[in-house]
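Novice: let's see this in three dimensions:
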Amino acid sequence: MKAVIQRVTRGSVEIDGRRVAEIGPGLVILLGIGPGDTPGVAAKLARKIAMMRIFGDENGKMNLSLLDVQGAAIVVSQFTLYADTRKGHRPAFTDAAPPEIASPLCDQFVAALREAGIPTQTGEFGAHMVVDIQNDGPVTILLEL
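Specialist: Numbers count the residues shown, from 1 in each chain. Have a look, this model is predicted:
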């Protein structure tokens, strides 16, 4: 499982011109799922993200977690994180989990974030989405479990 987490001042997701998710300060999480991923991996990654200290404290040091700052999250399924670009100029996505595996695991990841106390919104699995991210810092971190 791979996640690109971006600390944001605000973020939103639109599908066909309608806004389906919107947050203020928090994280936009682009989530890629591989064929070998499991519910346990999803839960572990969600806990790690909820507790990752990437928000500034009173001294500007990254010592606070999403839980500490009472931020929110948007999760966007992103199979393109598994792009294989080693050959040619057209990425292959054969390393990404098929939708029947990825969709339930994405839902389980979102549920684990919510269980950790993070208000979490989502895009729509498989939809063409316009994701608006106002990166704060910028802070962008790639996680892979």
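Novice: which strands and helices sit next to the strand or helix carrying L142?
Specialist: Assessed by DSSP states H and E, L142 sits inside strand 130-144. Secondary-structure packing of strand 130-144 (3 or more CB pairs under 8 Å, 6 or more residues apart in numbering; DSSP states H and E): strand 2-15, strand 26-32, helix 39-51. Backbone N, C-alpha and C define where each C-beta goes, glycine included.
Novice: buried sites along the first one?
Specialist: Of all the residues in strand 2-15, those buried under the rule 16 or more other CB atoms under 10 Å are 2-8, 11-14.
Novice: ok, so of those residues, who is nearest V20?
Specialist: V13 (5.3 Å; CB to CB).
Novice: quick one: G56 and A21, what's the gap?
Specialist: Going from G56 to A21 by CB to CB, to the nearest Å gives 24 Å.
Novice: okay, the two: which has more neighbours?
Specialist: Higher neighbour count among G56 and A21: A21, with 23 against 16, using other CB atoms under 10 Å.
Novice: that one is in contact with G123, isn't it?
Specialist: Yes: counting by CB atoms under 8 Å, A21 touches G123, with 6.3 Å between them.
Novice: now list whatever residues contact both of the two.
Specialist: Listed as contacting both A21 and G123 by CB atoms under 8 Å, 6 or more residues apart in numbering are 13, 74.
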